[in-house]
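Enquirer: how would this look folded up:
(chains A, B, C and D)
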Protein chains: 4
Amino acid sequence: MIDIIALRRELHQYPELGFTEFRTATKVVLMLTALGYRVTYGKDAIDDMSRRGLPQPEVLEDAYQRAIREGADPAIVEHMRGGFTAVVAELEGIQEGPTTAFRFDMDALPIRESEMNKHTPQAGDFRSTHEGIMHACAHDGHTSIGLALAERLSDRQFAGKVRLLFQPAEEGVRGAYAMVEKGMLEQVDRLFCMHLGTDVPSGHVKGASAGFLATTKLEAHFTGVSSHAGASPEEGRNALLGAATAMLNIHALPRFSTADTRINVGILEGGTGANIIAEHARMVIETRSTKEETNLELERRVRQILEHSAAMHELSVTIEIVGGAIPIRCDMELAALAVKQAEGISGIRHAEAISDGAALGSEDASYMIKRVQEQGGLATYMIVGSDLPAPHHHPEFDIDEAVLAPAVEWLERLARNVQ
Amino acid sequence: MIDIIALRRELHQYPELGFTEFRTATKVVLMLTALGYRVTYGKDAIDDMSRRGLPQPEVLEDAYQRAIREGADPAIVEHMRGGFTAVVAELEGIQEGPTTAFRFDMDALPIRESEMNKHTPQAGDFRSTHEGIMHACAHDGHTSIGLALAERLSDRQFAGKVRLLFQPAEEGVRGAYAMVEKGMLEQVDRLFCMHLGTDVPSGHVKGASAGFLATTKLEAHFTGVSSHAGASPEEGRNALLGAATAMLNIHALPRFSTADTRINVGILEGGTGANIIAEHARMVIETRSTKEETNLELERRVRQILEHSAAMHELSVTIEIVGGAIPIRCDMELAALAVKQAEGISGIRHAEAISDGAALGSEDASYMIKRVQEQGGLATYMIVGSDLPAPHHHPEFDIDEAVLAPAVEWLERLARNVQ
Amino acid sequence: MIDIIALRRELHQYPELGFTEFRTATKVVLMLTALGYRVTYGKDAIDDMSRRGLPQPEVLEDAYQRAIREGADPAIVEHMRGGFTAVVAELEGIQEGPTTAFRFDMDALPIRESEMNKHTPQAGDFRSTHEGIMHACAHDGHTSIGLALAERLSDRQFAGKVRLLFQPAEEGVRGAYAMVEKGMLEQVDRLFCMHLGTDVPSGHVKGASAGFLATTKLEAHFTGVSSHAGASPEEGRNALLGAATAMLNIHALPRFSTADTRINVGILEGGTGANIIAEHARMVIETRSTKEETNLELERRVRQILEHSAAMHELSVTIEIVGGAIPIRCDMELAALAVKQAEGISGIRHAEAISDGAALGSEDASYMIKRVQEQGGLATYMIVGSDLPAPHHHPEFDIDEAVLAPAVEWLERLARNVQ
Amino acid sequence: MIDIIALRRELHQYPELGFTEFRTATKVVLMLTALGYRVTYGKDAIDDMSRRGLPQPEVLEDAYQRAIREGADPAIVEHMRGGFTAVVAELEGIQEGPTTAFRFDMDALPIRESEMNKHTPQAGDFRSTHEGIMHACAHDGHTSIGLALAERLSDRQFAGKVRLLFQPAEEGVRGAYAMVEKGMLEQVDRLFCMHLGTDVPSGHVKGASAGFLATTKLEAHFTGVSSHAGASPEEGRNALLGAATAMLNIHALPRFSTADTRINVGILEGGTGANIIAEHARMVIETRSTKEETNLELERRVRQILEHSAAMHELSVTIEIVGGAIPIRCDMELAALAVKQAEGISGIRHAEAISDGAALGSEDASYMIKRVQEQGGLATYMIVGSDLPAPHHHPEFDIDEAVLAPAVEWLERLARNVQ
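Expert: Numbers count the residues shown, from 1 in each chain, chains lettered A, B, ... in the order given. Sure, this is the predicted structure:
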């Protein structure tokens, strides 16, 4: 039987960034196959062109080679080369019934993990071995729960089908959309998504969540003409002037009376030297809103500002979507059933239907939830509380491993009992 | 015989802004007609659509009514109604010969004249009676010189023809272009333009000038959509955001290695109240350069910035040329003749061909000079020095009236002797 | 007995802007005095230095002279000269009891009233005689209600005292604060404020209102150094560059997760001519928030941007508060009593405790309400519905005069019955 | 005898960036020592704290290790570790006399050298072996000329002393100032600086140069506070907003009527992710002017903009000078002597006193020239023409090696004959 804590610690040591989860996903494929699941992965599990914010080819290749060096099964990982790191597994129960899906995310963050002794992974000797990359958002725990759940359900003592979705690149809200586009949510009647932590303490669970924002992440590239800043400044077309103008004007977009909004230019970089009129500049921008249509309107206005900031200085500009999510509307009927199943589980002291609306940022599971609901199914986004020594995305983030086993039991009950 | 000092003082008391020189121009028409000149004025002397930076109709009408109240001949001034305040007078000499033209400007500035006792017009009781308007650039002197010259030449003791051009709206470089467009410089073989002062002391004259810059004056109007800044900010299209963006980016245009340049947004105004998204904004911009083509390139870039600053915020924008001038290239052959004629005039101690290049701003006589040169004629822009108690355009500006008579004599000699 | 419709129409014809309500306030003083009230006005009713957004002295004086021309009692209006147009009247009832206050605002808006025949004031021949000024926010109705109420209560058939507050300059949220500072709300136990219209239909009333935002209105003046844009641009210190920088950066202030916010630069103007580096610029800014402390933080950040935008360009800047309000928290206990008193009044079909939270903008009655609550009193802001042909602040705005009489009766009942 | 072409090709293959000329400078030390010169280098030849734009420690160390791998004498290079790559050599002639100095620069550029066959270093098999670094400004030629000159003069057949200055980090105008500060120009009576190429054809030389601009290169680091752009944007202090504001306002600095100026923000970069308020931003800026005091005024204004752009957004900012130069005023008396000495040298067809003023950018030899002149010595900046297949700083730049020998002969004559 899987030792879930050992499994989580092993994953914790080999964190991989979005679309480079070659080692992790290969391990998932091997374990699920061994448990008897029908496993789909690589280009069969994710739509090539719908992947957003894909890393540069050389980054993908470096990570691929690293995974091989670290023992990833070459026959399996080969199908994932180039960033096709999604895995979907399905198993039929002994009886007829609906299809119940569970979604887990696998990627880590570009954060250097703490080396302080009070940080358990450091003290316990399972700190990240990939310097500068860290599981600081509990996805190592999510993946472990998914695998442990798979083991429990391998007895097929349930009605209908169980489908397990292991998603790449949740950070930056980039991977889910491409799995939906590949059809991985077709025929799903019930979808349970979940997250550890999020300010909910150990022993508490929530059947649903509110407060997720619609978001779009855009990357813009300005291209002008370089020239010598002393000898012929007038021959240049200054990409940084265009970018700085866009920076200020994007932030100056109005508040909306129709919905809560957010706007940020998170990265701006360009130019090569003091004496050169900058030829290139790059910006990364995000919009958010509590309403999907307001987010789309913000995105439209951002694009307009980018285009005219460029044209003003005779620059060209390309704009690419590198991430996105929509708001989540959980089915409260399903959440109520989930809360009920949590009763009596050892380690769960308190279960309630929904958190009271604190914003949790954005989640691309939103695309999966919407797809299931469009098909007439039900979906929810649940929280398994965990005491945390430091916030999500912090170098000292860590989960309370005691909550992993109860989480597996909760999901097991949902798979077996919720029809 | 005209008392030139009394005449200048009378004009000084009734200063009129560009295109509203109704009283002044009417007086010019009357005097020239009385002297036997063939006088053209009103719509016959200036092209309607080529006038730049024309005041609002109500401003023109108010000034027109004021001129009538102040005694302007109604039969004459009626032809100038609406801002047609140019006057051209011609007289044939007793012999055949070339056409020699002299140009004088008539308009004043929107400056409140000093009331200090040390200011001669105050002490001498000929301060401006039009509060807030002042002859602070010596055009009262120029017009007086022109009229005194007309009187001298009314004996027709010269060869060829003399043409006297009395121009409106030199300030803002607005009026000359429209007189050129109306054909007022056709058949001119020699053109003498002149200015009093300009850092040249009393007793000194210059046969030519260097350093005039090409310039364009633009007025832009941004129009957006107003909305309540509290209740529905997103429904507004903020004209002030467009204008502020243009302001910064216009000033950020590059220096040119090919020529000296200047750029200025001199006026920016918009909005009606704290709680309203501003629907309108107005900007007045000028570009300058030592080279005409560089000035045109600057103007092109300014227009581009205006258009895209507007489009960025979904505003419309209109752009109008409200003034302009080109660089002046004096014919040094003509300047040398002028210097020679200055010899021996009482009150002129020193004459030289050209000032040594100090920038003098811009002058729309440049269009007249260029037109004459295009026709194969010669032209120059001369300086009659005058000690000044305060700089041009200053509330205490005043001319040294002692230089007026020598100036008239110099021009008279040019008319009679330069062939 | 007062004909309230005739009174309202008379006031409608003579609209006066904030702090220039000389004619209106004089009339109020005369009528209240005649009814036996103890009337306080002029500098006794409003604190000089606390008045915000006071018009320029010449504007105040022009309006003062106009009021005299239009028949304002010279002996009374003299005490209001310079913008002291607040009136407070008090009357003691026949019995001991608490002090109940009612607040009415008197000022009009800088809007040109419609001349369309469908506009009742045009058709009924009581359109504004002050061109460009209009009662487009129902304050003519409010003042009329206040005077009619005064007449009803002049029988002194109530317990305690009644205090009637006639406030200047509610538009721009400028006048109430200075009346509070003068002590006009001391000893008030119950305060009823009211507004006509606000999207509530005729026949409906509300006992309280939600959704008012805290707001601050700021006026900033930048002062630099002018210089000739062609001859010596480097000697200038460009006030418009500072203002444009502030414009963009103020709008770029972040959204707050702690409260809803608004920000607007509603006016920006500066500069005198194309060829002059602008010496002066003026900006009018407003901040708003659902929370007072968030609004104060926004104001702090705006000031910081203004100061450093100025210092960046070696400008000086002065910043003045020209208006302000805080959120309103109505006492629901008092609102419930008010709703109860509305029962059975002819012309009121529906009364409820509170409107459901639609934002109504800002109101400086908020300072009066807060002051009463700080003293342990109760206060509320009530709505008397009125069908409207056009929105508030629109040239075709008009009230349904049929709601005036029921409003008076409602307030009368409150004065007599609410203890 | 030194094969100057072979020497230049060897240096060309091992280009090193400013302050990392470990291999080159070590070679220079060894050769000069072998020729009998008294050689000063390392911390004895350059002032530690006056070095501008020093690379990061790890960059210096990597380059140091590379030099050792490539055979740099460990005993010598050790003294240069950390970027002390200046070399000064002195030799006494057989007679008493003045001290004559020659300055050569050794550093290369961060440019990837062309691999096209028409590019001689590629065809001739001496292309750069340091990928991304290239001698594209002829400093390999300059260093070779210096060493060949040293060999010629090792016979000591001259009066006085010869001092040879081999300078690091001329690119970015960073190294010369620190050699001056270390006293390396003390007691110099005559200083000859030189450059190959610069639009002067092969066979032509110039005794002096005009048109160098004063310049300052600044690097600014903004530091704010990062926060989550969705959850708590108001807690962030956005370094990119400060940097973008500075970008626009620095470019918007006025033109000067007193001198020609240039301004450029060549690099702007900051931020780490779409959903993070940017904590850091970096800018690299340069100012230039034909006058030193105008450049200093520009630098002062840039600093002011940087400081207030930061303070506006509650950021801190550090500003560091990373390069600088002043204008060069050549002593025409010395230039005339130099022109005379060029007569009759094989390979030099044409010599003239000065190039006609085309701007050449900036040069930090200017500090050396100024120091010599302050001591009462004479100095000039000479040009040895060279036909070029591509402009300076271009991937296909190359020198005409035929001009190297005549250049050596010219300098030799100057050392032996100019007293």
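Enquirer: number of nearby residues for the closest residue to residue A:144 other than its chain neighbours?
Expert: Leaving aside its sequence neighbours, residue A:144 sits nearest to residue A:8 (CB to CB, 6 or more residues apart in numbering or on different chains; 4.1 Å). Every C-beta, even on glycine, is put in place using the N, C-alpha and C of the backbone. Per other CB atoms under 10 Å in any protein chain shown, the neighbour tally for residue A:8 reads 23.
Enquirer: please apply the same query to residue A:6.
Expert: Per other CB under 10 Å, the neighbour tally for residue A:6 reads 11.
Enquirer: which residues touch residue A:321?
Expert: When contacts are counted by CB atoms under 8 Å, 6 or more residues apart in numbering or on different chains, residue A:321 touches A:52, A:216, A:217, A:218.
Enquirer: of the residues you listed, which is the nearest to chain C?
Expert: Using CB to the nearest CB, residue A:216 comes nearest to chain C of these, at 16.0 Å.
Enquirer: ok, and does stretch A:191-207 reach over to chain D?
Expert: No: shown here: stretch A:191-207 not in contact with chain D (CB under 8 Å from any CB of the partner chain), separated by at least 10.7 Å.
Enquirer: could I have that stretch exported to CSV, CA atoms only?
Expert: Taking Å, rounded to 0.1, in the frame of the first residue of the first chain, the C-alpha atoms of stretch A:191-207 are listed here in CSV:
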residue,chain,number,x,y,z
LEU,A,191,-16.3,16.6,-11.1
PHE,A,192,-14.5,17.1,-7.8
CYS,A,193,-11.5,19.5,-7.7
MET,A,194,-9.7,20.2,-4.5
HIS,A,195,-6.9,22.2,-2.9
LEU,A,196,-5.0,21.9,0.4
GLY,A,197,-4.6,24.8,2.7
THR,A,198,-6.0,28.2,1.5
ASP,A,199,-6.4,29.6,5.0
VAL,A,200,-8.6,26.7,6.1
PRO,A,201,-7.1,25.0,9.2
SER,A,202,-6.3,21.3,9.6
GLY,A,203,-9.4,19.2,10.3
HIS,A,204,-11.7,21.5,8.4
VAL,A,205,-13.0,20.9,4.9
LYS,A,206,-15.2,22.8,2.6
GLY,A,207,-17.6,21.4,0.0
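Enquirer: buried sites along it?
Expert: A:191-198, A:200, A:202-207 (16 or more other CB atoms under 10 Å in any protein chain shown).
Enquirer: which one of those residues is nearest to residue B:340?
Expert: Here the nearest of those to residue B:340, counting by CB to CB, is residue A:198; it sits at 93.8 Å.
Enquirer: chain A: strands as residue ranges?
Expert: Taking DSSP state E as the test, the strands found in chain A are A:38-41, A:87-92, A:95-105, A:159-167, A:190-196, A:204-208, A:214-223, A:261-270, A:280-289, A:316-325, A:350-354, A:378-384.
Enquirer: pick out the shakiest of those, pLDDT-wise.
Expert: Among the strands of chain A, strand A:350-354 carries the lowest mean pLDDT, a mean of 88.
Enquirer: hmm, what's the outermost residue in chain A?
Expert: Relative to the centre of chain A, the most outlying C-alpha is that of residue A:231, 48.7 Å out, by CA atoms, centre = their mean.
Enquirer: how near is that one to chain C?
Expert: Going from residue A:231 to chain C by CB to the nearest CB, to the nearest Å gives 22 Å.
Enquirer: ok, residue A:150 next?
Expert: Note on residue A:150: its distance to chain C, by CB to the nearest CB, is 38 Å.
Enquirer: got the residues of the stretch 101-250 of chain A near chain B?
Expert: Residues of the stretch 101-250 of chain A lying near chain B (CB under 8 Å from any CB): A:231, A:232, A:233, A:234, A:236, A:238, A:241, A:245, A:248, A:249.
Enquirer: the fifth one is in contact with residue A:225, isn't it?
Expert: Yes: in this structure residue A:236 lies within contact range of residue A:225 using CB atoms under 8 Å: 5.6 Å.
Enquirer: mutual contacts of these two, please.
Expert: By CB under 8 Å, 6+ apart, the residues touching both residue A:236 and residue A:225 are A:277, A:279.
Enquirer: per-residue confidence at the residue nearest to residue A:144?
Expert: 98.
Enquirer: how about the contacts made by it?
Expert: Counting by CB under 8 Å, 6+ apart, residue A:8 has contacts A:140, A:141, A:144, A:399, A:401, A:404.
Enquirer: switch the cut-off to 6 Å
Expert: A:140, A:141, A:144 (CB atoms under 6 Å, 6 or more residues apart in numbering or on different chains).
Enquirer: repeat that for residue A:238.
Expert: Shown in contact with residue A:238 (CB under 6 Å, 6+ apart): A:224, A:277, A:278, A:313.
Enquirer: I'd like those written out as JSON lines, with pLDDT added.
Expert: Formatted as JSON lines, the contacts of residue A:238 follow (pLDDT from 0 to 100):
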{"residue": "A:224", "pLDDT": "94"}
{"residue": "A:277", "pLDDT": "93"}
{"residue": "A:278", "pLDDT": "94"}
{"residue": "A:313", "pLDDT": "98"}
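Enquirer: could you give me the buried positions within the top helix by length along chain A?
Expert: As assigned by DSSP state H, the longest helix anywhere in chain A is helix A:292-312. Buried residues in helix A:292-312, defined by neighbour count with 16+ other CB under 10 Å: A:292, A:294-295, A:297-299, A:301-312.
Enquirer: that helix close to chain D?
Expert: No: applying CB under 6 Å from any CB of the partner chain, one finds helix A:292-312 separated from chain D by no less than 10.8 Å.
Enquirer: show me where the stretch 301-419 of chain A has its helices.
Expert: Counting by DSSP state H, counting those that start in this stretch, the segments of the stretch 301-419 of chain A that form helices are A:332-342, A:365-374, A:404-417.
Enquirer: returning to what we had before: so what does the residue farthest from the centre of chain A look like in phi/psi?
Expert: phi -80, psi -30 (degrees, to the nearest 10).
Enquirer: if I look at it, how far off is residue A:276?
Expert: Distance of residue A:231 to residue A:276, given as CB to CB, to the nearest Å: 11 Å.
Enquirer: ditto for residue A:53
Expert: 29 Å.
Enquirer: flag every residue of the stretch 251-400 of chain A that's near chain B.
Expert: A:252, A:254, A:255, A:256, A:257, A:305, A:308, A:311, A:312.
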